[in-house]
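Participant: structure for this input, please:
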Amino acid sequence: MSLVIAGSLLTLLVLAVLAWPLWRRPQSRGKEEELAIYRAQLAELERDRARGLIAAEEAATARREIERRLLRAAARREPPLAITASGRVLVAASLIAVPVLAGFLYARLGSPQLPDQPLAARSLPLQEGPDIREMVARLERRLEAEPEALDGWLLLARSKAALGDPLAGIAAARRALALAPDSLSALVTLAELLVQASGGVVPPEARALFERVRAKDPHEPRAGYYLGLAALQAGDAAAALEGWERLLREAPADAPWRAAVVAAMRAAAREQGIDLEPMLARAQARATNQEASGQARAPSELSERARAIAALPPEERLAAIRGMVEALEARLQAQGGDAEGWARLGRARLVLGEPERARAAFARALALRPDDPGLLSDYAGTLLGPPDRAGLPSVGAEAREAYERLALLAPDHPEPWWYLGIAALQAGRTEEARRHWRRVLSLLPEDHPDRAAISERLSAIGG
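Facilitator: Numbering: from 1, shown residues only. The predicted structure is shown next:
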């Protein structure tokens, strides 16, 4: 009975949290301001091109980059909320009716005697549609013709696993590892798929692979996490907590995976009756101190240099910016660099109107982090060609392949489907183009500023 009361109170609390924004005033229109900035940048770019301040090819490259950012920003759903007085009465009535109705239905139809299903044992398959299946099939045909393509086998491994076939994913990952035995991406992909196929248990083979990863890169977080999990599953909770604490100490204070590690530590400590708070406090303090000591002078130094460059005449300013970019590239070449550094170099090259050099930088970033949709999007943008007679950028075979990879990694983002629709249209596959663009519209919010233009394009091809 106490469980029913607790569940009812929790339901009321959740409904109250969901209903609270309906009583608040509409939020600020931050997204509209961001979109206005991008539109202003497009207008300024057109003025510079008309005055001859920028070459046509450089203007086209910059325009594509701004339009992609506009599309990405506008895809974020942030509709302002408002409600009338009668609507508030309806919501208040729902706060009472929903838990009552839920309790009645659960009493009649529920099965409280069923055991729970652990998170590690669940399968979260990718939404499988005809486009996804077709792209995976094309990827398989490509690998038949190019069996030495490491990136293709890795993408196939992740795609098969996401589609609910981890065994096929493991087979593809083994092919990738056979091609590049020292590849960190291949090692991690195979190890993670072995864990997934084992229902969350780290088998001996996966543990050995993660050990190899850690030997090559002691700061790889996935290796540290799974090796700790393996120790915990082997009954050595102290070793698991020690490894996870070390992982937290070495990680940035804002690392997105910190919460998952802390949750695992809390669960392990609770089972062993260990007070975890001192350990977490030490790890957080160490990470925060490292980040603060490494960045304390950076903002002021950067702002001073930026002001100095801004005060230079246009030609000297461009030369100074180019010098900074060249220095960044030299440092990355000498030190090996990380994915963020190469991506920063790629974006700087785009600003300077050097798409080919930007493409090379993004390729280096992708080699270090092949699963990053943002990096793949940046790289794919550099593969687009000049506009065709319809005003659409040319999407050749290499660009289409990149956007197919992006669609497999981020199937719910409209960007890859837009460019895949262009590629299909330019290849004469009108029905495929219609299908892709309908998917774009289904993924965009109703107030998206480009919906009308996309709908017009769709109508023009009979959609």
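Participant: can I get stretch 135-154 in CSV, CA atoms only?
Facilitator: Extracted in CSV, the C-alpha atoms of stretch 135-154 (Å, rounded to 0.1, in the frame of the first residue of the first chain):
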residue,chain,number,x,y,z
MET,A,135,22.1,2.6,-46.6
VAL,A,136,23.3,-0.4,-44.6
ALA,A,137,22.8,-2.6,-47.7
ARG,A,138,24.7,-0.1,-49.8
LEU,A,139,27.5,0.0,-47.2
GLU,A,140,27.7,-3.8,-47.3
ARG,A,141,27.9,-3.7,-51.1
ARG,A,142,30.7,-1.1,-50.9
LEU,A,143,32.6,-3.3,-48.5
GLU,A,144,32.3,-6.2,-50.9
ALA,A,145,34.1,-4.0,-53.5
GLU,A,146,36.4,-2.3,-51.0
PRO,A,147,37.2,-4.9,-48.3
GLU,A,148,40.1,-2.9,-47.0
ALA,A,149,38.0,0.1,-45.9
LEU,A,150,38.5,0.3,-42.2
ASP,A,151,36.0,3.1,-41.6
GLY,A,152,33.3,1.2,-43.5
TRP,A,153,33.7,-1.9,-41.3
LEU,A,154,33.5,0.2,-38.2
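Participant: buried stuff in it?
Facilitator: For stretch 135-154, the neighbour count (16 or more other CB atoms under 10 Å) marks 135-136, 139, 142-143, 149-150, 152-154 as buried. Every residue, glycine included, has its C-beta placed from N, CA and C.
Participant: what do you get for stretch 327-338?
Facilitator: Buried residues in stretch 327-338 (16+ other CB under 10 Å): 328-329, 332, 337.
Participant: narrow those residues to those in helices?
Facilitator: Judged by DSSP state H, helices contain the following of these: 328-329, 332.
Participant: quick one: pLDDT of G463?
Facilitator: pLDDT for G463: 66.
Participant: just give me the neighbour total for I422.
Facilitator: For I422, the count of nearby residues is 24 (other CB atoms under 10 Å).
Participant: the stretch 101-250 of the chain: helices as residue ranges?
Facilitator: Secondary structure of the stretch 101-250 of the chain by DSSP state H, counting those that start in this stretch: the helices cover 130-145, 150-162, 166-179, 184-197, 204-216, 221-233, 237-250.
Participant: among the ones you listed, which is nearest R438?
Facilitator: helix 130-145 (10.5 Å; CB to CB).
Participant: any idea of the angle that closest one forms with helix 150-162?
Facilitator: 140 degrees (axes from the mean of the first three to the mean of the last three CA atoms, to 10 degrees).
Participant: ok and helix 130-145 relative to helix 166-179, angle-wise?
Facilitator: 30 degrees.
Participant: now do helix 130-145: which elements does it pack against?
Facilitator: helix 150-162, helix 397-409, helix 430-443 (3 or more CB pairs under 8 Å, 6 or more residues apart in numbering; DSSP states H and E).
Participant: and the ones you listed: which comes nearest W417?
Facilitator: helix 430-443 (4.7 Å).
Participant: what's the following helix or strand after the closest one?
Facilitator: helix 451-460 (DSSP states H and E).
Participant: contacts for that following helix, please.
Facilitator: Contact with helix 451-460 is made by 418, 434, 437-438, 440-441, 444, as judged by CB atoms under 8 Å, 6 or more residues apart in numbering.
Participant: neighbour-wise, give me the winner out of those.
Facilitator: In the contacts of helix 451-460, the most neighbours by other CB under 10 Å go to V440, 26 neighbours.
Participant: thought it was touching W418?
Facilitator: Yes. If you go by CB atoms under 8 Å, V440 and W418 touch, sitting 5.1 Å apart.
Participant: least reliable of the helices and strands packed on helix 130-145 going by mean pLDDT?
Facilitator: Among the helices and strands packed on helix 130-145, helix 150-162 carries the lowest mean pLDDT (a mean of 86).
Participant: who are the packing partners of it?
Facilitator: Looks like helix 150-162 contacts helix 130-145, helix 166-179, helix 184-197, helix 397-409 (3+ CB pairs under 8 Å, 6+ apart).
Participant: what pLDDT does R297 get?
Facilitator: So R297 comes in at 39 (pLDDT).
Participant: go on, the one 4 residues further on?
Facilitator: Note for E301: predicted pLDDT of 45.
Participant: check W342 too.
Facilitator: pLDDT at W342 comes out at 89.
Participant: identify the residue spatially nearest to it, adjacent ones excluded.
Facilitator: Distance criterion CB to CB, 6 or more residues apart in numbering; nearest residue to W342, sequence neighbours excluded, is A365 at 3.8 Å.
Participant: wait, the one you found touches R347, no?
Facilitator: No. Applying CB under 8 Å as the test, A365 and R347 come out as separate, 10.2 Å apart.
Participant: so which of the two has more stuff around it?
Facilitator: Using other CB under 10 Å, the more surrounded residue of A365 and R347 is A365, with 26 against 15.
Participant: which helix or which strand is home to that one?
Facilitator: Going by DSSP H and E, A365 is in helix 355-368.
Participant: you'd agree L71 is up against D450?
Facilitator: Yes. Here L71 reaches D450: they are 6.6 Å apart, a contact under CB under 8 Å.
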